[in-house]
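Q: Got a sequence here, can you build the structure:
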Amino acid sequence: MPELSNIVESLAPSGIRRFFDIAATMKDIVSLGVGEPDFVTPWAFREAAIYSIERGQTQYTSNYGLLELRELISNHISSFYGVKYDFKNEILVTVGVSEGMDLAMRVLLNPGDEVILPLPCYVSYQPCVILAGGVVVGIETTAETHFVPTVEQLEAAVTPRTKAIMFGYPSNPTGGTLTREQAQDIVNFAIKHDLYIISDEIYDRLTYEGQHVCIPSLPGAKERTILLNGFSKAYAMTGWRLGYACAPEEILSAMVKIHAYTIMSLPIPTQRAAIQALTTGEPAVKDMVSHYNRRRRLIVAGLNEIGLECHLPNGAFYAFPSIKVTGLTSEEFAERLLFEEQVAVVPGTAFGSSGEGHVRCSYATSIDKIELAITRIDRFVKKNALIPPSLQPSKLNL
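A: As a prediction, the model looks like this:
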């Protein structure tokens, strides 16, 4: 048989899914692995979808998505961040942020074009660049800078082949966020070098201190930015696969070309659920954020007490503790913890080489399960004597 695509063959399977698949075959698992809200989609959203089916709304929509939904998205972004998009020509409803990301790369990149990516980053970013024929230029960030790249790092990474910079804040996997000054520095860098910006802001509403900085709201940013967002995280709608992309008309119309040939349009019931979410969902969002806030403080305190140093994430629902003190690699720590104590975490290397020495712990699960996970991690560390006495919690400056 003929060979398969060399590009696809070279892609590594998702590190997240590998551990999730192993955990699915085991009993008594406490999973801090997959980043999915443990809340059920609010009933009003589900009811709106059911009602649309009962009314026989099973046709195609505009390739762009329902006009009513796009207008609500435009008003939502304007209300929260003060940036206005033309809902007729600058907003596209997509199959989650993932499709928007793929479309952005395919529209912007020619073979060999470079995309700067701060690492660690969400697992799909690098493959999307590669599948579009681009070249990933990774910037390794650290906990010392709260996993935000410095201007000096950005300047060192840019070349004549650089076409864009892509990032997602609040961050998956680190929970890091951008200050307004940091975000403006990145925008100014993009302006200086005439680069596109792809900003994945799916966790924007899951910001716990201060307000999320929406990149296209900053001076000079909107005309060069593709904004990606959706309903999965804040509205507990992961399985609905509903996202959106906002961009200048010239860019968005190119994205719609590909979308029209590959997707056509999203199901009406899904879009009706999103309309309901934007219309009446704010109390549910605030309630979920309140729960996540309590959980993040609990898990970070627990990890630090064990001796696994962990900064307090300001966004998303992930803690990213350092496990360097144990002497194990991220893969070794995650695998041994899974088989010895039945706690599933994701090795930091699943998100890029700079994730080595860390594991990702999702706190999108119940307080009881977080407490049980902390108890088991503590037992795992102690029974294997993984933390030297000189670095026991009582000696740490936490």
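Q: which residues in the stretch 201-350 of the chain form helices?
A: Assigned by DSSP state H, counting those that start in this stretch, the stretch 201-350 of the chain shows helices spanning 249-262, 268-280, 282-306, 330-341.
Q: just these: most buried one?
A: Most buried of those by mean neighbour count (mean count of other Cβ atoms under 10 Å) is helix 268-280; its value is a mean of 22. In short, each C-beta sits where N, CA and C put it, glycine included.
Q: Domain map for the protein?
A: As assigned by automatic domain parsing, the chain contains the domains 6-41+283-384, 58-280.
Q: residue contacts, I226?
A: Residues counted as contacts of I226 (Cβ atoms under 8 Å, 6 or more residues apart in numbering) are G100, A104, L108, Y196, I197, I198, S199, A245, C246, A247, I251, M255.
Q: so of those, which ones are in strands?
A: Y196, I197, I198, S199, A245, C246 (DSSP state E).
Q: Residues in a beta bridge with the first one, which ones?
A: In other words, Y196. Beta-bridge partners of Y196, counted by DSSP bridges, are A164.
Q: Can you report phi and psi for the nearest residue to S253 once chain neighbours are set aside?
A: Ranked by Cβ to Cβ, 6 or more residues apart in numbering and with sequence neighbours excluded, the top spatial neighbour of S253 is N89, at 7.3 Å. Phi and psi for N89, reported as degrees, to the nearest 10, are phi -130, psi -10.
Q: swap in R55?
A: phi -80, psi 0.
Q: repeat for I139
A: The phi/psi pair for I139 (degrees, to the nearest 10) reads phi -110, psi 120.
Q: doesn't P120 make contact with it?
A: No - checked against Cβ atoms under 8 Å, the pair I139 and P120 is beyond contact range at 10.5 Å.
Q: So between the two, which is more surrounded?
A: Using other Cβ atoms under 10 Å as the criterion, I139 and P120 rank with P120 on top: 28 against 20.
Q: In this structure the more buried one contacts F147, no?
A: Yes - counting by Cβ under 8 Å, P120 touches F147, with 7.1 Å between them.
Q: Give the residues shared as contacts by these two.
A: With Cβ under 8 Å, 6+ apart as the test, P120 and F147 both reach T141, T174, F320.
Q: Output those as a markdown table; include the columns pLDDT and distance to A183.
A: Formatted as a markdown table, the shared contacts of P120 and F147 follow (pLDDT from 0 to 100; distance: Cβ to Cβ, whole Å):
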| residue | pLDDT | distance to A183 |
| --- | --- | --- |
| T141 | 94 | 15 |
| T174 | 96 | 16 |
| F320 | 97 | 20 |
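Q: Would you write a PyMOL line that selects the buried entries of these?
A: Command for PyMOL that selects the buried part of the shared contacts of P120 and F147, burial taken from 16 or more other Cβ atoms under 10 Å:
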select buried, resi 141+174+320
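Q: still on that earlier bit, dump the contacts of I226 to TSV, plus pLDDT.
A: Output for these, formatted as TSV (pLDDT from 0 to 100):
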residue	pLDDT
G100	98
A104	98
L108	98
Y196	98
I197	98
I198	98
S199	98
A245	98
C246	98
A247	98
I251	98
M255	98
